[in-house]
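Dropping the sequence and predicted coords here.
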Amino acid sequence: MRVPDELLYTKEHEWVSVKGDIATIGITDYAQGSLGDITFVDLPKVGSVIEQFKRYATVESVKAASDVFAPVSGKIIKINEELTAHPELVNRSPYDEGYFAKVEMAGRKDISNLMPSAEYKKYVEGLA
Amino acid sequence: MNLGKTPLTDEHQRLGAKLAPFGGWLMPIQYSGIIAEHAWTRAEASVFDICHMGEFMIRADALKSGLDRIVTFDLTTLKIGGCRYGFMLNDAGGIMDDLVVYRIADSHWMVVVNAATIDSDEAHFRKHLSPGTDFKNVSSALGKLDLQGPRSLDALKAIVGPEATRLDYYTFGHFSVLGEQIIISRTGYTGELGYELYISADKVKELWDKLLTDARVKPAGLGARDTLRLEMSYPLYGQDLTTDTTPLEAGKSKFVNMKKEFIGKAALLNKSKPARNLINFTADSRRAPRHNYRIFSGSKDVGIVTSGSFSPSLLCGIGMGYADPICVSGSRIMLKASDIEIPATVTEGPFYKKGTAKL
């Protein structure tokens, strides 16, 4: 299971990459592995406002539909359009080509609620 | 509840399968992934651990013992070496199980039943068979492996020889495998050419290993079994068929012989025009309808989804459910959950039309 050092994580298995005010968000390698083959991703429209730890997207695998929670608050400025036709990118490349969206963060304070990679790694190991 | 384990449960764990409860058993849901296993079954051959299912052996005359009255199809016309699919109903015409009967000899039958209903089926058989009938529940002594896919005959020939070729769809024979005479039928639940192999539980592991030494054969789990059967519009007992549904509602009257006597017949005669039908539907997108979503026609709630999934072959959502008879082939419907709306069209089954089962 991959947990890149430079990202921040939530207990619900979302990741965040922060560059200035812009956060790129997605679900972790652990999440995609637990879900199995991802067949559909429902993302909010560009311009919609999301709130940290509230549901903002749905991801479907062959077996089930699961809620995805926002790791940070802010405004969606871009969604990964590729996922419409190729949701399997989330399985293949959860931290890169399979990202979900880019968010203009409402502020920096949300970041203190996220886990650094070492802490997330430990958290996941504890779930096994 | 204590989950049942098959002779292969440890082996599935060793292979890295994801296991989950199904019908009271701890079963493999997937190994490499549901979509990959699905695709492999449609193109090559897969082996499924189906040891959880039940088998009854009955040595009796079908009519004198009352056996024929327990099932909705005619046993007297079933040839030796033939299999037949149908239902076991309660007095109200509700489906207690869907099952397959094998005629081994004139007065010797094997009945294959679903895992979750083994106990209730056994009780029903014992209640309705005439006293003293030779009935044995051999479910735990007998293992079952399903070999399914267009290359399954080649893989089977490698084990039993060219004799395998003689099996037609829905027939079976006895074959010598691992020093035992075992029943192999050309039947299955995937829509592909395939076989079901019944072997002593203590030899299942050896047969499983032998099948998997063939490069054409890979293990597949119940996840792929579910998407494969749904693409064929085969109902799943406990989900699409229950004691609250009749074969007529389920659109399965061809498996019910109204010219013979059977338990539940009187009730079926009283409800020959069902108030709801089991329909198939195809979603407009990849989004899959799920069990218990509501079916809407315009603003009207007209039914409920009983099975739904993403179809790996069609690359869109598919499903089945019970709906008001106003929903006919071509009708536009909306499948709804709390904040989900999936537009779909009612279609005729099967969804997947290139199956090799009957070739």
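Arrived safely, thanks for sending. Residues are numbered from 1 along each chain as shown, chains lettered A, B, ... in the order given.

what comes up buried for the longest helix along chain A?
Assignment by DSSP state H gives helix A:117-127 as the longest helix of chain A. Buried residues in helix A:117-127, counted by 16 or more other C-beta atoms under 10 Å in any protein chain shown: A:120-121, A:123-124. Every residue, glycine included, has its C-beta placed from N, CA and C.

Now residue B:225: phi and psi?
Note on residue B:225: its backbone torsions stand at phi -60, psi -40 [degrees, to the nearest 10].

How about it, nearest residue that isn't a chain neighbour?
Of all residues not flanking residue B:225 in the chain, residue B:48 sits nearest, at 5.8 Å (C-beta to C-beta, 6 or more residues apart in numbering or on different chains).

Report how many residues lie close to residue B:19.
By other C-beta atoms under 10 Å in any protein chain shown, 18 other residues sit near residue B:19.

and if you look at residue B:353?
Neighbour tally, residue B:353, other C-beta under 10 Å: 10.

Show the backbone phi and psi for it.
phi -110, psi 10.

Looking at it now. What's its pLDDT?
Note for residue B:353: predicted pLDDT of 97.

Any stretches of the chain with poor pLDDT?
Unless you meant another one, I'm taking chain A. Chain A contains no residues with pLDDT under 70.

nope, chain B
Where chain B drops to pLDDT under 70, the residues are B:1.

what do you get if the cut-off is 90, keeping everything else the same?
Chain B contains residues with pLDDT under 90 at B:1-2, B:23, B:271-274, B:338-339, B:359.

Who are the contact partners of the most centrally placed residue in it?
With distances taken as C-alpha atoms, centre = their mean, residue B:189 lies nearest the centre of chain B, 5.1 Å away. Contact analysis of residue B:189 by C-beta atoms under 8 Å, 6 or more residues apart in numbering or on different chains lists B:146, B:148, B:225, B:228-229, B:234.

that's a strand at the residue nearest to residue B:225, yeah?
Yes - under DSSP: H, G, I helix; E, B strand; the rest coil, residue B:48 sits within a strand.

Which of the helices or strands spans the closest residue to chain A within chain B?
Nearest to chain A in chain B, going by C-beta to the nearest C-beta, is residue B:310, at a distance of 3.8 Å. Using DSSP states H and E, residue B:310 sits in strand B:300-311.

Partner strands of the helix or strand just after that strand and their direction?
Later in the chain than strand B:300-311, the nearest helix or strand by DSSP H and E is strand B:316-323. Its sheet considered, strand B:316-323 pairs with strand B:277-283 (antiparallel), strand B:300-311 (antiparallel) by DSSP bridges.

Residue B:68 belongs to a helix?
Yes - with three-state DSSP as the criterion, residue B:68 is part of a helix.

Briefly note if stretch A:82-96 comes near chain B.
Yes - using C-beta under 8 Å from any C-beta of the partner chain, stretch A:82-96 comes into contact with chain B via residue A:87.

got the CA coordinates for that stretch in CSV?
Output in CSV follows, covering the C-alpha atoms of stretch A:82-96 (Å, rounded to 0.1, in the frame of the first residue of the first chain):
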residue,chain,number,x,y,z
GLU,A,82,-11.3,11.8,-17.2
LEU,A,83,-13.0,9.8,-14.4
THR,A,84,-16.4,10.0,-16.2
ALA,A,85,-15.2,7.6,-18.9
HIS,A,86,-12.3,6.0,-17.0
PRO,A,87,-13.2,5.6,-13.3
GLU,A,88,-10.6,2.7,-13.2
LEU,A,89,-7.9,5.5,-13.1
VAL,A,90,-8.7,5.7,-9.4
ASN,A,91,-7.6,2.1,-9.0
ARG,A,92,-4.6,2.4,-11.2
SER,A,93,-3.3,5.8,-10.1
PRO,A,94,-5.1,7.0,-6.9
TYR,A,95,-2.6,9.8,-6.1
ASP,A,96,-2.1,11.1,-9.7
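
so how many other residues sit close to the residue nearest to residue B:225?
26.

next one: residue B:123
Residue B:123 is flanked by 10 other residues according to other C-beta under 10 Å.

next SSE after the strand or helix carrying it?
Assessed by DSSP H and E, residue B:123 sits inside helix B:118-128. The first helix or strand that comes after helix B:118-128 along the chain, using DSSP H and E, is strand B:134-137.

Show me what counts as buried in that next one.
In strand B:134-137, counting by 16+ other C-beta under 10 Å, buried: B:135, B:137.

Okay, now the sheet partners of it, with direction.
strand B:54-59 (antiparallel).

can you give me the offset of the partner strand from its chain's centre?
Distance of strand B:54-59 from its chain centroid, counting by C-alpha atoms, centre = their mean, to the nearest Å, is 17 Å.

Great, nothing more from me.
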